[in-house]
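Colleague: Here is my input; please provide its structure:
(one chain, ligands or ions: 1)
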Amino acid sequence: MSKIKVAELFYSIQGEGRYMGVPSVFLRTFGCNFKCAGFGMPRGELSNEVENIAQVVHMYNDYKELPLVTTGCDSYASWDPRFKHLSPLLTTDSIANSITQMLPNKTWKDEHLVITGGEPLLGWQKQYPDLLDHPLMDKLREITFETNGTQKLTKEFKHYLSEWSRWKHREITFSVSAKLPCSGESWDDAICPEVVCEYEDVGTTYLKFVVANEQDVLDAECAVGAYRATGFKGHVYLMPIGGVESVYVLNNKAVALMAMQRGWRYSDRLQVPLFKNEWGT
Ligand code: SF4
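Modeller: Numbering: from 1, shown residues only. Sure thing, here's the model as predicted:
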């Protein structure tokens, strides 16, 4: 039986993108190819907020105890090796059982599954079919992969997903949060149009850029140009930066206006005003 290293597994409301407001189970896998230490920092500087938390890592036995950060990646513990002891390696059977216990009717109805990270397409493509084929997952109809858009689908997983969605009118979405220079990651590593265009062969795919100011939106325009030149057809969303409410409220309206000006969509982060973006929301 396959095993997946699970950073978090919880039931909440999807706060972002196409399924905003939909009751959803979140499977947050461990591991990411990025650090995104530039978020919330002056351009060119990197956050070291997590360093202080990592120095006292022995104090934390559960995700819910971890401090939230205002800069850098807001889900740092889902990939930073210093926090890996908080992410157990679980069998797909135990994941399916835990999910069933979380669902209000103990079976899938209108809820959707979000497979997120970290970067969920980095290490676990081989294991997902075991989970999705589990009898307890049979009534699941909609999945979103929240990805940074840098990981190519393996031939086997691409084939599997195509078959999965063909069966019983199921729907697959790739919510691609491509990383702009404000993340601190390099353009060449982060903007991978060929990879993202291939997701469109399998499911509904859209781009969701996290932005704070006009310069970030100019970068997003440049990136969209590169994706379109490669044949990308999906929608574009702008989403305000801000894993904590004080940062989020500073720029959510400005970001909505910048999205409108370009005919792009605005994505909120409902988990911030609703749940303060606490772990497990
Ligand atoms: S890609 Fe996502 S999970 Fe990975 S470091 Fe960046 S923000 Fe965090």
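Colleague: what's the burial count for Pro193?
Modeller: Per other C-beta atoms under 10 Å, the neighbour tally for Pro193 reads 19. For glycine as for every other residue, the C-beta is placed from the backbone atoms N, C-alpha and C.
Colleague: got the contact list for it?
Modeller: 226-227, 229-230, 232 (C-beta atoms under 8 Å, 6 or more residues apart in numbering).
Colleague: Distance-wise, check it relative to the ligand.
Modeller: As for Pro193, its distance to the ligand is 17 Å (criterion: C-beta to the nearest ligand atom, to the nearest Å).
Colleague: quick one, phi/psi of that residue?
Modeller: Reported as degrees, to the nearest 10, the phi and psi values for Pro193 are phi -60, psi -40.
Colleague: circling back: now, which of the contacts of Pro193 lie within helices?
Modeller: Judged by DSSP state H, helices contain the following of the contacts of Pro193: 226-227, 229.
Colleague: Compare those and tell me which is most surrounded.
Modeller: Using other C-beta under 10 Å as the neighbour test, the ones in helices among the contacts of Pro193 are led by Tyr227, with 23 neighbours.
Colleague: And the pLDDT at the nearest residue to it once chain neighbours are set aside?
Modeller: The shortest distance from Tyr227 to any non-neighbouring residue, by C-beta to C-beta, 6 or more residues apart in numbering, is to Pro193 (4.7 Å). pLDDT for Pro193: 98.
Colleague: Let the chain start at 894 from now.
Modeller: All set: I'll call the first residue 894, so the last point we hit is now Pro1086.
Colleague: correct me, but Glu1012 touches Gln1044?
Modeller: Yes: look at Glu1012 against Gln1044 with C-beta atoms under 8 Å: they come within range, at 6.2 Å.
Colleague: Show me how far stretch 969-987 is from its chain's centre.
Modeller: From the chain centre to the centre of stretch 969-987 is a distance of 16 Å (C-alpha atoms, centre = their mean, to the nearest Å).
Colleague: Please export the C-alpha coordinates of that stretch as CSV.
Modeller: C-alpha atoms of stretch 969-987 as CSV (Å, rounded to 0.1, in the frame of the first residue of the first chain):
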residue,chain,number,x,y,z
TYR,A,969,6.8,26.8,5.7
ALA,A,970,6.3,23.8,7.9
SER,A,971,5.0,21.8,4.9
TRP,A,972,8.4,21.7,3.2
ASP,A,973,11.2,22.9,5.6
PRO,A,974,13.0,19.8,6.7
ARG,A,975,13.4,21.2,10.2
PHE,A,976,9.7,20.7,10.7
LYS,A,977,9.4,17.3,9.0
HIS,A,978,8.7,15.4,12.2
LEU,A,979,5.3,17.1,12.3
SER,A,980,4.3,15.4,9.0
PRO,A,981,3.6,11.7,9.4
LEU,A,982,4.0,9.2,6.6
LEU,A,983,0.5,7.8,6.3
THR,A,984,-1.0,4.9,4.2
THR,A,985,-3.5,5.9,1.6
ASP,A,986,-6.0,3.6,3.5
SER,A,987,-5.6,5.7,6.7
